[in-house]
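Chemist: here is my input, please return the structure:
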Amino acid sequence: MTTSSDQPAIEVVDLHVDYIVRGMKRPVLRGVSFTIQPGEAFGLVGESGCGKSTTAYAALRYLPRNGRISSGTIMIDGEDVTRMSADRLRSFRARAASMVYQEPGSALNPTIRIGKQLIEAFVVLGQSKSDALKNSLAALRKVQIADPERVMGRYPHQLSGGMLQRVVIAMALACDPKLLVLDEPTTGLDATVEAEVLDLVRTLRSQTGAAILMIAHNLGVIRSMCDRVGVMYAGKIVEEGAADTLFDEPRHPYTVALLHSIPRSGMRKSEHALSTIPGTLPPLGADLPTCVFIDRCPLVTDVCREVAPELIDIGGGHLARCHHHDQITALEEIPGPIAAAPSTGTEILSIEGVSKTFHQKGHKIPALVGIDLSLADGETLGLVGESGSGKSTLAKAILGIHATDEGSGLTLDHHQLSGSISKRSAGDKRAMQIIFQNPDSALNATWTVRRILARSVRKLTGVDREAGDRKVTALADHLRLSPRHLDMKPSQLSGGLKQRVAIARAFAGDPRIVVCDEPTSALDVSVQAAILNLLAELQSEQRTSYIFISHDLGVVRYLADRIAVMYLGRIMEVGDTDAVFNGPHHPYTEALLSAVPDVDGAEHNRIPLQGEIPSPADPPSGCVFHPRCHRFIEGVCDVAEPPLIDAGNGHMIRCVIPAEQLVELQKVAR
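Modeler: Model prediction:
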C-alpha cells in the first residue's frame with residue numbers, strides 16, 4: 001500500500017561508502033540511488049557482502065567506526081542526513097527513523113524487564129513516566145500482544161522469538177517514524193511466527209504510513225512484503241522494479257541466477273539440481289571499472305569488459321544495469337537431476353516408543369512422547385514443526401546426547417543402541433554424526449581447517465597420521481576445499497566455506513546417518529543451493545541417510561524423501577514428501593504450509609494459529625493441538641488423543657477427522 005506524496009520519505013542519491021581497512025579506503029557502496037515514498041515498502045536483496053546492510057546503516061548513519069560516506073546524499077523529510085550535526089542526528093534517530101534488527105534478543109538488555117526498556121523508549125521522547133507507561137501498554141496492544149501487563153513484567157529470555165520481535169517493533173514505532181528499516185526481521189523464525197510478524201508489519205504500515213526499507217535473504221518474504229525491489233551486487237543496484245515484474249520477468253543475469261538458486265514450485269532433487277552461481281563476490285574494495293558482475297556472468301562479451309553499463313529503464317520503471325538485458329531468455333535452464341543411488345529400502349534406524357522427560361525444579365517436562373519412526377539406507381527424513389515442537393530434542397536423543405527414557409527403543413542395523421552416547425561403542429558413535437546450524441560455534445576458531453579435519457579422521461577411524469592426511473586431502477577435494485582453504489582458520493572463511501568444513505568433518509568417519517540441524521538457514525540462497533546440491537551428491541555417492549531439520553519447507557520438500565511433522569513432542573503426520581505436501585493434511589500441517597511466502601507470487605489462504613505452543617509440562621487434554629486448531633470439534637478433540645491413522649500408502653495422520661473428510665474440507669479452504 002502506498003500513499004501519494006510529492007516528497008519521498010527517503011531519497012538516496014549516488015551514495016558512495018568506504019571502509020577504512022589497515023589505513024586504506026575500500027569502496028563498499030559504489031553510487032547507490034533509490035527513493036521510497038511514504039507508505040511504500042522497498043526491498044533490497046543480494047548475497048552477503050553485496051552492500052545491503054551497509055546501505056541500511058548508512059541511511060541512518062549507523063555505520064561502524066571505520067565506515068565513511070565519501071559522497072552522495074540521503075534526504076529524509078527534506079533534510080540531508082549526511083550533513084547533520086551530532087545533536088541533530090541524535091534527535092533524528094529518536095524521532096524520525098527506527099530500525100528492527102535480525103536478532104531481537106541482541107536489541108534488548110537481558111538483565112532488564114521488558115516494561116522498563118519499553119518505557120525508556122517513550123521517556124527519551126520527553127514523555128512523563130505515567131504517560132510512557134500508558135503508551136507502552138498501548139504499543140504492545142498495537143503489535144497484537146494480548147496480555148501486555150504480563151509481558152511488561154518479563155525478561156527477554158522468558159519470551160519466544162516471535163514475541164521478542166513484536167516487542168522490538170513496538171519500541172521502533174514509539175516515535176511514529178517516517179522510515180522503518182527492517183534488517184532480516186524474520187530470519188530464524190518459524191514459518192507461522194514469520195507470517196504473523198509480516199502480517200503485523202503490513203498492518204502497522206497501513207496504519208502509520210511509514211516508509212519501509214526491508215532487507216532479507218528470503219526472496220519469498222521480499223515478494224510478499226514489498227512494492228518495489230532493488231537487487232544489489234558488489235555495492236551497486238543492478239536491477240530495480242516493481243516486485244511482481246522483477247520476479248516474473250528478471251532482466252539482469254544476477255537476478256536470474258538468484259531465482260534459479262531457489263527450490264521453486266515444488267522442485268525435488270530427483271528432478272533438478274539447484275542452479276548455483278560460479279565464483280564468489282569480488283573482495284572488499286576491489287577495482288571494478290566496468291560491469292561489477294563480469295567475472296560470474298554467462299552473457300559476458302567484450303563490451304562488458306570495456307564499458308560500464310548504466311542503470312537504464314527498460315519499460316514501466318523497470319531498471320537494469322546490463323548491456324544484454326534483452327538476451328536473458330538465452331540463459332541456461334536449471335540443471336538436470338542429481339543421480340540417486342538405487343535404494344534397497346533396507347531399514348537402518350528404527351525408533352520405537354522413544355520418549356524424553358526433562359526434570360526442572362521438581363517438575364517433569366515431557367519433551368518427546370512415544371515417537372515411532374524409521375529411516376532407510378540412502379533416505380532423507382525431514383523433521384518440521386515450530387520451535388519447541390521437539391525436532392532438535394529428537395535428533396539429540398537419536399545421537400545419544402539426550403539419554404532417552406526407560407522403555408525407549410533405538411535400533412541401528414538391527415542391534416540395540418544405548419540411549420546415552422557415553423554407553424555406545426566407537427562404531428555406533430562413528431555411524432551417526434551431526435551438522436549444526438552455525439558452523440562458527442561448532443568449529444575450533446584457533447585451529448586450521450586441516451587440523452580440525454585431521455583430528456576428526458583420527459578420532460573416528462583410528463588410522464595413523466599418514467593415512468589420516470590422505471583422508472583429509474580426499475575429503476577436501478570431495479567438498480571442493482582447496483589446499484589454501486585447509487591452511488586457513490574458520491574466521492578466514494565465508495559462511496558457505498565454513499559449512500563445507502562442518503560437512504567434511506561430519507563425513508570424516510564415513511557415517512551411516514548424518515543429522516542436519518538447520519544447516520542452511522543462515523546462508524544466502526546461492527550458497528544454500530551449493531550446500532543442498534553437495535548434500536544430495538554425497539548421499540548419492542555414499543548412500544548416507546539424513547535426518548534433515550529445517551524451518552524452510554521449500555528446502556525440506558526439495559531434499560527429503562519422507563517428512564515427519566512434530567508438535568509438542570509428538571508426531572502429528574508422517575509420509576512421503578509428495579503425500580505430505582499434496583494432502584490430505586493434518587490441520588497443523590495445513591497451517592504450516594499456508595504460512596510459507598511464495599517467491600512465485602502464489603496466493604495462500606493463510607490459516608493463523610492462535611496463541612503459542614502450550615507448555616509440555618502441562619499439555620492440553622485430548623489432541624494436544626486442539627486449542628489452536630481451526631478444525632476443532634468440541635467434545636471430541638478435547639477428550640482423547642487420536643492415534644496415527646493411515647491415510648493411504650503409509651501416509652499417517654494423527655486426527656479424529658477421517659482422511660476423506662480432510663480432503664473435502666481442505667479443497668473448500670483452497
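Chemist: and the helix or strand containing residue 349, what's buried?
Modeler: Residue 349 belongs to strand 347-360 when elements are defined using DSSP states H and E. For strand 347-360, a neighbour-count test (16 or more other C-beta atoms under 10 Å) marks 348-351, 354-357 as buried. Quick note: C-beta positions are derived from backbone N, CA and C, even for glycine.
Chemist: what's it packed up against?
Modeler: Contacting strand 347-360 under the criterion 3 or more C-beta pairs under 8 Å, 6 or more residues apart in numbering; DSSP states H and E are the following elements: strand 363-376, helix 391-399, strand 409-412.
Chemist: tabulate the ones you listed (a markdown table), appending distance to residue 556.
Modeler: Listed next are these as a markdown table, based on distance: least, C-beta to C-beta, whole Å:
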| stretch | distance to residue 556 |
| --- | --- |
| strand 363-376 | 15 |
| helix 391-399 | 11 |
| strand 409-412 | 23 |
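Chemist: which other residues reach the strand holding residue 349?
Modeler: 364-377, 393-394, 397-398, 402, 404-405, 407-413, 512-513, 545, 569, 617 (C-beta atoms under 8 Å, 6 or more residues apart in numbering).
Chemist: with stretch 236-250 instead?
Modeler: So stretch 236-250 is contacted by 30-34, 43, 51, 219, 222-223, 226-232, 251-252, 254-256, 259, 292-293, 311, 316-322, 328, 599-601 (C-beta under 8 Å, 6+ apart).
Chemist: rerun at 7 Å
Modeler: The contact list for stretch 236-250, computed with C-beta atoms under 7 Å, 6 or more residues apart in numbering, reads 30-32, 34, 223, 226-231, 251-252, 254-256, 259, 292-293, 311, 316-321, 328, 599, 601.
Chemist: and it, average pLDDT?
Modeler: Average pLDDT, stretch 236-250: 96.
Chemist: quick one: low-confidence ranges for the stretch 201-350 of the chain?
Modeler: 332-344 (pLDDT under 70).
Chemist: how about a cut-off of 90?
Modeler: Within the stretch 201-350 of the chain, the stretches with pLDDT under 90 are 201-209, 216-218, 263-286, 329-345.
Chemist: could you check which helix or strand contains residue 171?
Modeler: According to DSSP H and E, residue 171 maps onto helix 161-172.
Chemist: packing partners of that helix?
Modeler: With contacts taken as 3 or more C-beta pairs under 7 Å, 6 or more residues apart in numbering; DSSP states H and E, helix 161-172 sits against strand 97-100, helix 114-123, helix 129-142, helix 191-208.
Chemist: quick check, distance from the longest one to the centre of its chain.
Modeler: Computed by C-alpha atoms, centre = their mean, to the nearest Å, the separation of helix 191-208 from the middle of its chain amounts to 17 Å.
Chemist: also the shortest one?
Modeler: Averaged C-alpha coordinates place strand 97-100 at 21 Å from its chain's average position (C-alpha atoms, centre = their mean).
Chemist: would you map the helices across the stretch 1-150 of the chain?
Modeler: Using DSSP state H, counting those that start in this stretch, the helices found in the stretch 1-150 of the chain span residues 52-59, 86-95, 114-123, 129-142, 148-152.
Chemist: show the average pLDDT along the last one.
Modeler: With pLDDT averaged residue by residue, helix 148-152 scores 92.
Chemist: ditto for the second one
Modeler: Predicted confidence along helix 86-95 averages 90 (mean pLDDT).
Chemist: which residues sit against it?
Modeler: Contacts to helix 86-95, defined as C-beta under 7 Å, 6+ apart, come from residues 60-61, 81, 84, 124-125, 175.
Chemist: and if you look at stretch 541-554?
Modeler: 190-191, 263, 341, 348, 375-384, 391-392, 395, 398, 510-518, 521, 535, 538-539, 556, 559-560, 592-593, 596.
Chemist: just the ones of the residues you listed in strands?
Modeler: 348, 375-376, 380-384, 513-517 (DSSP state E).
Chemist: what's the closest of those to residue 526?
Modeler: Nearest to residue 526, judged by C-beta to C-beta, of the ones in strands among the contacts of stretch 541-554 is residue 516 at 18.9 Å.
Chemist: relative to residue 550, how far out is the closest one?
Modeler: The gap separating residue 516 from residue 550 is 8 Å, by C-beta to C-beta, to the nearest Å.
Chemist: which of these two has more neighbours?
Modeler: Neighbours were counted for residue 516 and for residue 550 using other C-beta atoms under 10 Å; residue 516 has more, 27 against 22.
Chemist: what residue spans form the domains of the chain?
Modeler: As given by automatic domain parsing, the domain ranges for the chain are 104-174, 255-330, 347-564, 583-669.
Chemist: and these: which comes nearest residue 203?
Modeler: Counting by C-beta to C-beta, residue 203 lies closest to domain 104-174 out of the domains of the chain; the figure is 8.2 Å.
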